[in-house]
Structure formats: C-alpha cells, structure tokens
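Asks: Next input, structure requested:
(chains A and B)
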Amino acid sequence: MTKVVEAQGLSRSFGRIRAVQDFTVTIEREEIFGLLGPNGAGKTTTINMLITILPPTAGRASIAGFDIVRDARKVRSCVGIVFQDPTLDTVLTGRENLELHARLYGMKRPKYTKRIEELLELVNLHNRADDLVRTYSGGMRRRLELVRGLLHQPAVLFLDEPTLGLDPQTRARTWEYIRLMAKKEGTTVLLTTHYLEEAQQMCDRIAIMDEGKIMALDTPARLIDALGGIILVIEAPSLPEAELKELPFVKSINGGNGRWEIMLKDTYENLPYVIEKVKPINHLEIRRPSLNDVFLKLTGRRIRDDAMEDAGGWLEAAFRHEQRGR
Amino acid sequence: MMVARELAGIKGVWWREFKVFWREKSRIVASIISPIMWLFLFGSGVGARYSVDGMAYRDFIYPGILSMTVIFGSVFFGLYIVWDRKIDVFKAVLVAPVSRTSIFIGKVLGGCTDVLLQVSVLFVFSFLFPSVNPRGIPFAFLFLFLGAIALVSLGLAIGALLKSLEGFQLISALVVFPLFFSSGALFPVDTNLPSWLKVAVSVNPLSYAVDGVRGALMGIHTHPLTLDLAVLSAFAIIMVLTGSVLFSRMKL
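Replies: Numbering: from 1, shown residues only, chains lettered A, B, ... in the order given. A predicted model of the protein is given here:
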C-alpha cells in the first residue's frame, strides 16, 4: 500500500479564528475518504490547503510525495478538483472545457482527444459534448466537472460537496458515476459532504470534523459499531426522562416535544422495560444507529442530512424571517 | 519541459478567448457598428462645417476612431475578468499547474487578437477615406498592437483589483473616457489648444498612438514617429509588468 495523502498537524487560522486544527490523516492509494461535518467545520479549508490554494499556518502535508508548500506546482499537476460551486466555462462546449483543461495540464493532443472521448462516453455525455455548457442541466454539469477533474489522471481527486444542490435522484446517479470512475481509474478520492447516508455508502473511511477538529476517524461500519446497541424512537405525550436515564441499559435520550430517541445498549431484551415506563405511546420505531447518531454523539448536534431536512431548514428560516418582520 | 508547459498554458488561455470571441457574433458586429457610426454620422456631421488643414474631418478622425476601438475594446476586455471571477470560471484555470504570468500573457494575447480583428475590419473600409495611404497600414497596425497590449494589461490590472462590477462605471468615467478624449483622436494637437489641454494630451501615452497611426496613414504627425514608437513601447512594457504583478497577487 502506498500513502497518497499524508497530513501532519495541518492547521489554518484566519486571525483569531482557528478554521482547521491539527489535521492529521494518511490516505492510501485507491481509497475513498470522506470528510464529514456541518457547514463551517473546516472541510473546504482543509481541501484548499491540500490543493495549494491556501497556505497552512502550521503543520505540513504531502500529496503523492510532494510537499504542498515547497512543491506546490507538482502537487497541482497530480490533483484533480471538483469545487463546491460549479467552475465550468458556460460559453464553451463540454468538449472545449475539457480541451482547455488538457492544454493547461500539459497534455498532448492525440492523447487527450481520445481520452476525452472515452470519459465522455463513460458518463453518458458524448451526445451532448458539442453543446454549450450553458444548456446543460445541473447533473450534467457535475458529470462534466467530474470528467474534467479526472482527465489528467490525477493521483488524488478532490470532491468538495459533489452533490450539493442536486435533487435526490440526480444525487444518487452522481454518486454512481463517482464510484464507477474512481474504480476504473484507480484514483484516490477525498470528498467532503454533509449527506451522511451517502457518505456511509460511498466511503472506505470517514473523518468526522467539527469546529476545525477531527472528532473521529474510522470506517463507517466501525464508527457505527462503536456506538453499539439500538435506537428506540418514541412518540408520546410525555416521557419520564429522568427515570429512564437511571436505567443501566439506557445510554442516552435525545429529543423532546413529543418525540424522543432513546439509545439502548446491545440487544432488544430491555425494550419492554422502557415501553413499560412510557404510557401512552402514539408511535414506536426501532432502528440501528447511523452515522447521524455517531455525529450526534460526538458533537451533541445534528448534521443536516437529506433534502427533506434541507427543505425543512429553509422553511424554518423563512418562518423565522417572517416572524421577525412582524 | 517547464517552458513547453507554460507555452501550452498560454496557448490554451489564448485559444479559449478566441473561441469565445468568435462565438459571440453579435458582440463582434456591435463592436464594429459603433466606430462606423462615429466615422460616418459624427465625422460627416462635424465635417460638413469643419476641415483640418484642407483634409475632410471624417478622414482626419479615421486614425482616432481606430485608436478608440482599441482603447474601449482593450480596457473592457481586461475588466471582464471581474465577471469571470464572480461566476468562478477563473478558479479552475488558476489552480492549473501553470504560472499566473502565463495565464496573464494568454489573456493579453487573447484581448489583442479580439481588438485587432475589429481593427482589421475597419481597415477594410479604409478605401472610403481618400486621405489614407494603404501602404501605411502595417505600420499603423504596429502602433495599434502596442496600444492594445498596454490597454488590455491595464484592464486586467484594474480587474484584478476590483472586487465587484460596481466599480465599472467609475473606471469607465475616470480612465477610459479621459484617455480617449485627451488623445487627440478627434481634434488636431496644435497651438490653438488651451495650455491645460495641451498638457493633458502630452502626458496621455495614447496621444502617441493616435499620432503614430495618423503619421503612418496620412503623413501628419506632431512628434517624430520614432518618439511615438518609443513612448508607446515603454507604456506597453510598464503596463505588462504592472498588470502581471497585480494579476499574480489577485485572490481567488
């Protein structure tokens, strides 16, 4: 196994704000590595340092053996980047965008025309390659950026929130393409996202970040297993929280306002005891913990998870706005 | 190897600018209509009452309008990077393993190509201006090329400093129009000028471009053409250096 990304105590401050603190990670070849965390956790800052557009204030890192500060130029040649916000040239066609990229990365013509053709076919864009990017849908643009990021055969592909702003169906397809391409090209991938379930399916390993620090780093399965047990979701008019917390098998209770999540140790055997204490129950669900619960446990907060919650957040914001207006 | 990479980068950026220019046919047409209106509407209108030392006014301003096309086209081309940065088009280019200087040079060449193609179209109409000596066109072209290099660099330099397009109007009012109006494009620079205007004309490097073009095409000039060439070359070099430094320091 070769180490493609090595970061040692990488840190960045903006004045007194410590955006990233002591980021220490080693990523192996062909690994898909996820940085998870809410907005402002320091994910993009970390990526910006690794792709050499933001100098670190402390620590060091190397990509494919090249130091991100001393050999910035070599690092740039061997990383592919898909930024959070689209950076395609909309007045050029899809193919022209790729040709420009090939030229900027010093690729030679017969080689890159062939490779462009192959990659476009792989992501099903070959029929639209000569249309202006202006006419592409959001999902098509993402796919084109993905191809562009991989065109020069980088050692590492950085994907910053690759599915942000896409509808759930397009998001699922985009992840499929990412997986397909990474596998075919044998590329190491470092991605950031705040869609936990997607990260859980995609990533070999995950680092959970909050307020600039890595809170946990492991495979998704192990992160969840470490939590152990099961989660009981109860909807009821009231819950004797203090009493339940004293039970030896209750690990934690979250929620309120008629809906609670109770985390229980290991097995299902203790379920009846809990149900006994809560009466009446309107609704009951049992589920295994997810990365969401890992995140909640580590940070005491929830991360926004899916489009529904996004929409909910938006509604909430709109509602608050209206309230303020009154 | 390194040099080849940089050259490929320069060529890439240049190629992109040309593609975009060529695609926007309406913009090419618009950019040529305006000088033609100056020549035929403004030039013929003023020319009905006024001639310069026996030369039709419309003919007299022909070199000035060529220069105008270069001034406006070049500066606004450069300023356009503010927009490119705003919509993030530039980010992907700036993280490529190519130096900022090369990207800057590619941009300058791209801008010069756009502007000089517009100028070439105007040269096609030169037969309508009897005072123009077609043999002077290559020399005039050289002056306009130097002017374009300087002014695209100026536009890029200002564009690298501006954070939003709000400064656009101000730059237009404080830089572009004064450069044009005090260049002697529309009036002869002689003893009749008020002394303050004469000072303004003599410190405006573009006066030397207008003078050089008029000298090359019509044989009338205030300064020796070698002086015109020297001043304009120096201006171009200074602007390229300033522009590339500011461009390299530009934040993403």
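
Asks: near chain B, which residues of chain A?
Replies: Applying C-beta under 8 Å from any C-beta of the partner chain, we find that chain A lies next to chain B at A:51-53, A:73-74, A:76-77, A:81, A:83, A:85-92, A:96, A:100-101, A:103-106, A:148. The C-beta positions use only the backbone N, C-alpha and C, and glycine is treated the same way.

Asks: ok, 7 Å please
Replies: Contacts of chain A with chain B, taken as C-beta under 7 Å from any C-beta of the partner chain, map to A:51, A:53, A:73, A:76-77, A:81, A:83, A:85-87, A:89, A:91-92, A:96, A:100, A:103-106.

Asks: Just the ones of those residues in helices?
Replies: A:73, A:76-77, A:96, A:100, A:103-104 (DSSP state H).

Asks: Are any of those residues buried, and if so which?
Replies: When those are checked for burial by 16 or more other C-beta atoms under 10 Å in any protein chain shown, the buried set is A:76-77, A:96, A:100, A:103-104.

Asks: Which residue would be the closest one in chain B to chain A?
Replies: residue B:12 (3.2 Å; C-beta to the nearest C-beta).

Asks: Relative to residue A:219, how far out is the closest residue to that residue other than its chain neighbours?
Replies: Counting by C-beta to C-beta, 6 or more residues apart in numbering or on different chains, residue B:12 lies nearest to residue A:103, which is 3.2 Å off, once chain neighbours are set aside. Distance of residue A:103 to residue A:219, given as C-beta to C-beta, to the nearest Å: 40 Å.

Asks: quick one: contacts for the residue nearest to residue B:12?
Replies: B:8-9, B:11-12 (C-beta atoms under 7 Å, 6 or more residues apart in numbering or on different chains).

Asks: Likewise for residue A:291?
Replies: Here residue A:291 is in contact with A:196, A:199-200, A:220, A:223-224 (criterion: C-beta under 7 Å, 6+ apart).

Asks: got it, and residue A:106?
Replies: B:5, B:8.

Asks: okay, now residue 203: neighbour count?
Replies: Chain wasn't specified; assuming chain A. Burial of residue A:203 is recorded as 22 neighbouring residues (other C-beta atoms under 10 Å in any protein chain shown).

Asks: could you do chain B instead?
Replies: 9.

Asks: where does residue 125 land in three-state SS?
Replies: In the absence of a named chain, chain A is used. The local conformation at residue A:125, judged by DSSP: H, G, I helix; E, B strand; the rest coil, is coil.

Asks: and residue A:119, how far is that from chain B?
Replies: 16 Å (C-beta to the nearest C-beta, to the nearest Å).

Asks: excluding its backbone neighbours, what's nearest that residue?
Replies: Residue A:119 sits nearest to residue A:147 (C-beta to C-beta, 6+ apart), 4.5 Å away.

Asks: Please identify which helix or strand holds that neighbour.
Replies: In this assignment (DSSP states H and E), residue A:147 forms part of helix A:138-150.

Asks: Let me know the next secondary structure element after that helix.
Replies: strand A:156-160.

Asks: can you give me the end-to-end distance of stretch A:52-62?
Replies: 10 Å (C-alpha to C-alpha, to the nearest Å).

Asks: just stretch A:7-25 next, same as before
Replies: Span of stretch A:7-25 from end to end, C-alpha to C-alpha: 5 Å.

Asks: List the neighbours of it that are in contact with it.
Replies: A:5, A:42, A:45-46, A:49, A:54, A:56-61, A:207, A:212-214, A:217.

Asks: Among these, name the ones in helices.
Replies: Here DSSP H is the test, and the contacts of stretch A:7-25 give A:45-46, A:49 as lying in helices.

Asks: Go ahead and flag the most central residue of the chain.
Replies: No chain specified, so I'll use chain A. Nearest to the geometric centre of chain A sits residue A:193, at 1.9 Å (C-alpha atoms, centre = their mean).

Asks: sorry, should have said chain B
Replies: Chain B, centroid-nearest residue using C-alpha atoms, centre = their mean: residue B:70 at 2.8 Å.

Asks: Okay, it and residue B:204: tell me how far apart.
Replies: If you go by C-beta to C-beta, the gap between residue B:70 and residue B:204 works out to 14 Å.

Asks: Please enumerate the helices of chain B.
Replies: For chain B, the helices defined by DSSP H occupy B:2-23, B:25-37, B:43-47, B:57-79, B:81-86, B:89-94, B:100-124, B:137-161, B:168-171, B:177-181, B:195-203, B:205-218, B:225-249.

Asks: As a markdown table, these with mean pLDDT would be great.
Replies: Output for those, formatted as a markdown table (pLDDT from 0 to 100):
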| stretch | mean pLDDT |
| --- | --- |
| helix B:2-23 | 93 |
| helix B:25-37 | 88 |
| helix B:43-47 | 93 |
| helix B:57-79 | 95 |
| helix B:81-86 | 85 |
| helix B:89-94 | 86 |
| helix B:100-124 | 95 |
| helix B:137-161 | 96 |
| helix B:168-171 | 84 |
| helix B:177-181 | 94 |
| helix B:195-203 | 94 |
| helix B:205-218 | 96 |
| helix B:225-249 | 96 |
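
Asks: Hmm, residue B:250 is touching residue B:160, no?
Replies: Yes: if you go by C-beta atoms under 7 Å, residue B:250 and residue B:160 touch, sitting 4.1 Å apart.

Asks: So for these two, which sits in the more crowded spot?
Replies: Between residue B:250 and residue B:160, counted using other C-beta under 10 Å, the more crowded position is residue B:160 (23 against 18).

Asks: From the chain's centroid, how far away is stretch A:120-138?
Replies: Stretch A:120-138 sits 25 Å away from the centroid of its parent chain (C-alpha atoms, centre = their mean, to the nearest Å).

Asks: make that stretch A:169-185, sorry
Replies: 14 Å.

Asks: and if you look at stretch B:45-62?
Replies: 23 Å.

Asks: what does stretch A:65-72 give?
Replies: That offset, for stretch A:65-72, works out to 25 Å (C-alpha atoms, centre = their mean).

Asks: CA atoms of that stretch as CSV?
Replies: In CSV, the C-alpha atoms belonging to stretch A:65-72 read as follows (Å, rounded to 0.1, in the frame of the first residue of the first chain):
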residue,chain,number,x,y,z
GLY,A,65,5.2,12.5,-2.1
PHE,A,66,5.2,16.3,-3.0
ASP,A,67,5.1,18.9,-0.3
ILE,A,68,2.1,21.2,-0.6
VAL,A,69,4.1,24.3,0.1
ARG,A,70,7.5,23.6,-1.4
ASP,A,71,6.4,21.6,-4.4
ALA,A,72,3.0,23.4,-4.9
